[in-house]
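Trainee: What follows is a predicted protein model with its sequence.
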Amino acid sequence: MQAETSRNEPIHDRRVLTQVLAAGGKPREAWRIGTEHEKFGFHLPVPGQDPALALRPPGYDGERGIGAMLRGLAGLGWQAVEENGVLIALQRDGASVTLEPAGQLELSGAPLENIHETCCETTGHLEEVKAVAEPLGLGFLGMGFQPKWRREDMPWMPKGRYKIMRQYMPKVGTLGLDMMTRTCTVQVNLDFANEADMVKKFRVSLALQPVATALFADSPFTEGRPNGFLSYRSHIWTDTDPDRTGMLDFVFEDGFGYERYVDYLLDVPMYFVQRGSDYIDVAGQSFRDFLDGRLPGLPGELPTLRDWSDHMTTAFPEVRLKTFLEMRGADGGPWNRLCALPAFWVGLLYDDAALDAAWDLVRDFTRAERHALRDGVPRHGFKLPFREATLRELALEALKISRAGLARRARCNPAGEDESLFLDPLFEFALANQTPAERKLDLFHGPWGGSVDPVFEQFAY
């Protein structure tokens, strides 16, 4: 109760904001792995049902809606979370199930010790989802971008923050509503020891984020046709909101640390302030003004730690710092890639020798090179030219460093296998010089006969 009270006390000193980030520092033995993944729901073809409903995304309401899906999961031991009397999320054992704007279902996993546990958690969640979804006539698909339906076909979930964001997004970019309604990702959240460790991990992961984008690229279709990209989801972030996205060049500057990241966050325009179950629209207003009690939407009020925590979630760079680091560059995908993403980053960042090797790999990247990788990978994937080779060679080197780091961690399952086994699908893609998106494009132009509909059957969970 004391911690909750302190989160609601006004902030009188800007240094508190820096202390929030610094509080994330943990000894190595306390480092954990938190994996998040989103998935698209769709109506299964059901005899006697209107054929036009097949494969469409479900809305919230109705006997076969996302609300019914949440209620079904709640019956499996999840605690309900409501907003203004509407079920919007579930919690259990440090994990949560939440809704993205168009009903994409997200698992935010519990902080776990190794990738074996992460993969068990993912498997258990997907089994629960399938058990609840099938009687409702629903299926779920892991990809980076909705392959079939238009933006106008996507439903909106009854969450207050999404209403505010929906109104604001078109003012600052052309693809923000697509980001909200038609994208899915897999992310991993990782710890750091102290400020210096955070800085090194931030720099390595930001420089190598385009490698993860290529390894997981799985969004080549828009409204049933190839869109010219391998990771259209990644491209969408380039025209969503320049104030809160991108490669954060300042992370590589001398003197970067908690204080500089706080400065960045203070320059990110606000979306909302939550008071009780109500969301107050302060879109475009300044948290700096809020600290001075001059926020137009709440004149005279000072922010609380809860407000600052909410605001930190409204920045969307390729890597995001909170009390941990979030890796945000990967498209959603099938089960084995949900386990592969945390393995890739844990291998690079949680072993000292691997982190040193990864830093040696990227430390001389220029700003122009980092941006060329970020901007080129969504379209070209592994085949993007880089220095005297292509991104494929960079990806293979990063994978080898990660595999060695996981082997040295030596966290083994009962069969004696370490966590590096989860990298196998990523090595397969890189060695074949073919992203998941390119494999789907081959199917589209071949066995699928120019239709994306088979993806809902062949790649559903």
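Mentor: That came in fine, so what should we check first? Numbering: from 1, shown residues only.

Trainee: For the rest of this, base every contact and every neighbour count on C-alpha atoms.
Mentor: Fine.

Trainee: So in this structure, where's the weakest helix or strand by average pLDDT?
Mentor: helix 2-7 (a mean of 52; mean pLDDT, DSSP states H and E).

Trainee: After that one, heading C-terminal, what element do we hit next?
Mentor: Past helix 2-7, further along toward the C-terminus, the next helix or strand under DSSP states H and E is helix 15-22.

Trainee: For that following helix, the averaged confidence score.
Mentor: For helix 15-22, the mean per-residue pLDDT is 97.

Trainee: Check which residues of that helix are buried.
Mentor: Across helix 15-22, burial judged by 16 or more other CA atoms under 10 Å covers 17-18, 20-22.

Trainee: which residues sit against it?
Mentor: By CA atoms under 8 Å, 6 or more residues apart in numbering, the residues outside helix 15-22 that reach it are 194-195, 258-259, 262, 308, 321-323.

Trainee: In CSV, list the C-alpha atoms belonging to the helix or strand residue 122 falls within.
Mentor: Residue 122 is part of helix 115-133 when elements are defined by DSSP H and E. This file holds the C-alpha atoms of helix 115-133, laid out as CSV (Å, rounded to 0.1, in the frame of the first residue of the first chain):
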residue,chain,number,x,y,z
ILE,A,115,14.4,-19.3,-22.3
HIS,A,116,13.2,-22.8,-21.5
GLU,A,117,10.8,-21.3,-19.1
THR,A,118,9.9,-18.6,-21.6
CYS,A,119,9.0,-21.2,-24.2
CYS,A,120,7.0,-23.2,-21.7
GLU,A,121,5.1,-20.0,-20.8
THR,A,122,4.5,-19.3,-24.5
THR,A,123,3.3,-22.8,-25.3
GLY,A,124,0.9,-22.8,-22.3
HIS,A,125,-0.6,-19.5,-23.3
LEU,A,126,-1.1,-20.5,-26.9
GLU,A,127,-2.7,-23.8,-25.8
GLU,A,128,-5.1,-21.8,-23.5
VAL,A,129,-5.9,-19.4,-26.3
LYS,A,130,-6.7,-22.3,-28.7
ALA,A,131,-8.8,-24.1,-26.1
VAL,A,132,-11.0,-21.0,-25.6
ALA,A,133,-10.9,-19.7,-29.2
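
Trainee: Please tell me how far that helix is from the chain's geometric centre.
Mentor: Distance of helix 115-133 from the chain centroid (CA atoms, centre = their mean, to the nearest Å) equals 18 Å.

Trainee: What is it packed up against?
Mentor: Applying 3 or more CA pairs under 8 Å, 6 or more residues apart in numbering; DSSP states H and E, one finds that helix 115-133 makes contact with strand 33-43, helix 66-74, strand 138-141, helix 335-349.

Trainee: what do you get if the cut-off is 10 Å, keeping everything else the same?
Mentor: Other helices and strands packing on helix 115-133, by 3 or more CA pairs under 10 Å, 6 or more residues apart in numbering; DSSP states H and E, are strand 33-43, helix 66-74, strand 105-108, strand 138-141, helix 335-349.

Trainee: Next secondary structure after the fourth one?
Mentor: Next in sequence after strand 138-141, counting helices and strands by DSSP H and E, comes helix 160-168.

Trainee: Can you tell me what sits against whichever helix or strand comes after that next one?
Mentor: Proceeding N to C from helix 160-168, the next assigned helix or strand is helix 176-182, under DSSP H and E. The contact list for helix 176-182, computed with CA atoms under 10 Å, 6 or more residues apart in numbering, reads 40, 100-104, 143-157, 162, 165-170, 183, 222, 233-241.

Trainee: for stretch 50-65, same thing?
Mentor: Under the criterion CA under 10 Å, 6+ apart, residues 40-46, 66-70, 87-88, 99, 102-104, 133, 135-140, 146, 148-149, 153-158, 453, 456-457 lie in contact with stretch 50-65.

Trainee: Turn the buried ones among these into a named PyMOL selection, would you?
Mentor: Here the buried members of the contacts of stretch 50-65 are turned into a PyMOL selection, burial being counted by 16+ other CA under 10 Å:
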select buried, resi 40+41+42+43+44+45+66+67+68+69+70+87+88+99+102+103+104+133+136+137+138+139+140+146+148+149+154+155+156+157+158+456
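
Trainee: Return the one helix or strand residue 439 maps to as PDB; C-alpha atoms alone will do.
Mentor: Remark: residue 439 resides in helix 436-445, with elements defined by DSSP H and E. C-alpha atoms of helix 436-445 as PDB (Å, rounded to 0.1, in the frame of the first residue of the first chain):
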ATOM      1  CA  PRO A 436      10.100 -15.600 -43.400                       C
ATOM      2  CA  ALA A 437       8.400 -13.000 -45.600                       C
ATOM      3  CA  GLU A 438      10.200 -14.200 -48.700                       C
ATOM      4  CA  ARG A 439       9.100 -17.800 -48.000                       C
ATOM      5  CA  LYS A 440       5.500 -16.600 -47.800                       C
ATOM      6  CA  LEU A 441       5.900 -14.700 -51.000                       C
ATOM      7  CA  ASP A 442       7.100 -17.900 -52.700                       C
ATOM      8  CA  LEU A 443       3.900 -19.600 -51.500                       C
ATOM      9  CA  PHE A 444       1.800 -16.700 -52.600                       C
ATOM     10  CA  HIS A 445       3.200 -16.800 -56.200                       C
END
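
Trainee: burial of residue 306, as a residue count?
Mentor: By the measure other CA atoms under 10 Å, the count of residues near residue 306 is 18.

Trainee: Grab the nearest non-local neighbour of it.
Mentor: residue 7 (5.3 Å; CA to CA, 6 or more residues apart in numbering).

Trainee: Phi and psi next, for residue 32.
Mentor: Note on residue 32: backbone dihedrals following degrees, to the nearest 10 are phi -130, psi 180.

Trainee: Now do the residue with the largest distance to the centre of the chain against residue 62, distance only.
Mentor: Each residue of the chain has a distance to the centre, and by CA atoms, centre = their mean the biggest one is for residue 48: 37.3 Å. Separation of residue 48 from residue 62 (CA to CA, to the nearest Å) stands at 17 Å.
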